[in-house]
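1. here's a sequence, model it:
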Amino acid sequence: MEQNKDAYRQKVEAEVNELNARIDLLKSKAEKAEAEAKIGYSQQTFKLKEKRDELKEKLENLKEASGDAWKDMKAGIDKAVTDLKTALEVAETRFK
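-> Just a heads-up that it's a prediction; the model follows:
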């Protein structure tokens, strides 16, 4: 059971790392953008970072979960990953 939890946590952490790289790319674009676009980029990256931080907090809580309790947390973590991915996709589309 613990092995399943660790495998799940590692999978989500890998997704978070990929999403972090995409957020950093948007941040880089924001730094190069014109003033008005820069504001939009900054707002979007701030929101993305908030979602990412919430997800990281959920992952930290997952590490502490014992027994089958982690299964109860899985749905919330999956939703947080989906929310972050969706927000990132919207931001990437908006700022192409």
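2. list the contacts of the nearest residue to N61 once chain neighbours are set aside.
-> In this structure, N61 finds its nearest non-sequential neighbour in M73, 6.5 Å apart by C-beta to C-beta, 6 or more residues apart in numbering. Backbone N, C-alpha and C define where each C-beta goes, glycine included. Neighbouring residues of M73 by C-beta atoms under 8 Å, 6 or more residues apart in numbering: K58, N61, L62, A65.
3. and the strand or helix carrying M73, what's its mean pLDDT?
-> With secondary structure defined by DSSP states H and E, M73 is part of helix 69-94. The average pLDDT within helix 69-94 is 88.
4. likewise for stretch 46-62?
-> 90.
5. list the buried residues in that stretch.
-> L48, K51, R52, L55, K58, L59, L62 (16 or more other C-beta atoms under 10 Å).
6. my guess is the last one contacts A7. True?
-> No - in this structure, L62 sits apart from A7 without contact. The criterion is C-beta atoms under 8 Å, and the distance is 11.9 Å.
7. quick one: contacts for R52?
-> V16, L19, N20, I23, L84 are the contacts of R52 under C-beta under 8 Å, 6+ apart.
8. could I get the residues you listed as JSON lines with distance to T93 and secondary structure?
-> Output for the contacts of R52, formatted as JSON lines (distance: C-beta to C-beta, whole Å; DSSP: H, G, I helix; E, B strand; the rest coil):
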{"residue": "V16", "distance to T93": "21", "secondary structure": "helix"}
{"residue": "L19", "distance to T93": "15", "secondary structure": "helix"}
{"residue": "N20", "distance to T93": "19", "secondary structure": "helix"}
{"residue": "I23", "distance to T93": "15", "secondary structure": "helix"}
{"residue": "L84", "distance to T93": "15", "secondary structure": "helix"}
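9. thanks again, I'm all set now.
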